[in-house]
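In: Need a 3D model of the following:
(one chain, ligands or ions: 1)
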Amino acid sequence: MRLLVVEDDPLIADGLVRTLRSGGHAVDHAADGATADRALAQYPYDLVVLDLGLPAMDGMEVLRRARARGSATPVLVLTARDALDDRVAGLDAGADDYLPKPFDLPELEARVRALLRRREGLGTNRLILGNLVIDLGGHSAFHGAARIDLSSREFGVLETLARRAGRVVSKEQILEAMTGWGEDVGVNAVEVYVHRLRRKIEPAGVNIRTVRGLGYLLEKGAAP
Ligand code: CA
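Out: Numbering: from 1, shown residues only. Model prediction:
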């Protein structure tokens, strides 16, 4: 497993990296938020241990950006003890678990093992946005356990938007992706597919917002 430790305190970082490496993992270390953000955009990590108070970009922002890119990598957030607001905000921003500082390394190892086990059960080729799970390998999407009935073109539009979740995607970019599959359609067809897709995924709390003159933006709705 390849893990990323994001921690600016050199002593804590050293302990984390040593412990996780001795557990047989490949471990990268980022000492600030901007470095972590770049690393997360570049590598498909299996798990991230994320401190919240960081130079360059705080941990919460690193987490939000990773989730906006569609990353489903498990994230274990390190918070100050009794910082209840941090924990709630961290979980809301997409953290999978948290550990208050100071912590014992054996407890950290146990949390990491639990998150990695959970991830094994989930498979890897998935994008998770709120209650919407997109199985990229199986070309299917699920609202919880229920499969959403999508045509192959609708799925293609969904994948194009979901891979850039939180960012505006132009009709031309969607059209380009569709043309890439040997489809010969016009810009008006994109509007039709987006319209139909929107109705189908809205029950899962995921909205496709029209950004006038620019295109569409897939936004994750509030978690229930
Ligand atoms: Ca810190």
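
In: Heading C-terminal from the helix or strand harbouring His195, find the next helix or strand.
Out: Using DSSP states H and E, His195 sits within helix 187-201. Following helix 187-201 in sequence order, the next helix or strand is strand 206-211 (DSSP H and E).

In: confidence score at the closest residue to Tyr43 other than its chain neighbours?
Out: Sequence neighbours aside, Arg2 is the residue nearest to Tyr43 in space, at 6.8 Å (criterion: Cβ to Cβ, 6 or more residues apart in numbering). All C-beta spots, glycine's among them, are computed from the backbone N, C-alpha and C. Confidence at Arg2, expressed as pLDDT, is 82.

In: cool, Arg153 as well?
Out: 83.

In: pretty sure it contacts Tyr193?
Out: Yes: the criterion here is Cβ atoms under 8 Å, and Arg153 meets it with Tyr193 at 5.5 Å.

In: For the protein, give the helix that spans the most residues.
Out: helix 105-122 (DSSP state H).

In: The ion contacts on the protein?
Out: Counting by Cβ under 5 Å from the ion, the chain comes close to the ion at 8, 51, 53.

In: Compare those residues and tell me which is most surrounded.
Out: Neighbour counts for those (other Cβ atoms under 10 Å) peak at Asp51, which has 25 neighbours.

In: In contact with that residue: list those residues for me.
Out: Asp51 makes contacts with 6-9, 12, 59, 77-78, as judged by Cβ atoms under 8 Å, 6 or more residues apart in numbering.

In: before we move on, what about Leu105?
Out: 15-16, 19.

In: and the angle for the helix or strand bottoming out on mean pLDDT in the chain with helix 187-201?
Out: One helix or strand of the chain scores below all others by mean pLDDT, DSSP states H and E: helix 171-180, with a mean of 75. Per axes from the mean of the first three to the mean of the last three Cα atoms, to 10 degrees, the angle that helix 171-180 makes with helix 187-201 is 90 degrees.

In: in helix 171-180, what counts as buried?
Out: Using 16 or more other Cβ atoms under 10 Å as the test for burial, helix 171-180 gives 171, 173-175, 177-178.

In: quick one on the thing from earlier: what residues does the very next helix or strand once past the longest helix of the chain touch?
Out: Using DSSP H and E, the next helix or strand after helix 105-122 towards the C-terminus is strand 126-129. The contact list for strand 126-129 (Cβ under 8 Å, 6+ apart) reads 70, 72, 133-136, 162-163, 165, 204, 206, 218, 220.

In: Separate out the buried members of those.
Out: Listed as buried from the contacts of strand 126-129 are 70, 72, 133-134, 136, 162-163, 165, 204, 206, 218, 220; burial here means 16+ other Cβ under 10 Å.

In: I'd like to know which of these are part of helices.
Out: Judged by DSSP H, those include Ala162 as members of helices.

In: quick check, nearest of the buried ones among the contacts of strand 126-129 to the ion?
Out: Ala72 (24.9 Å; Cβ to the ion).
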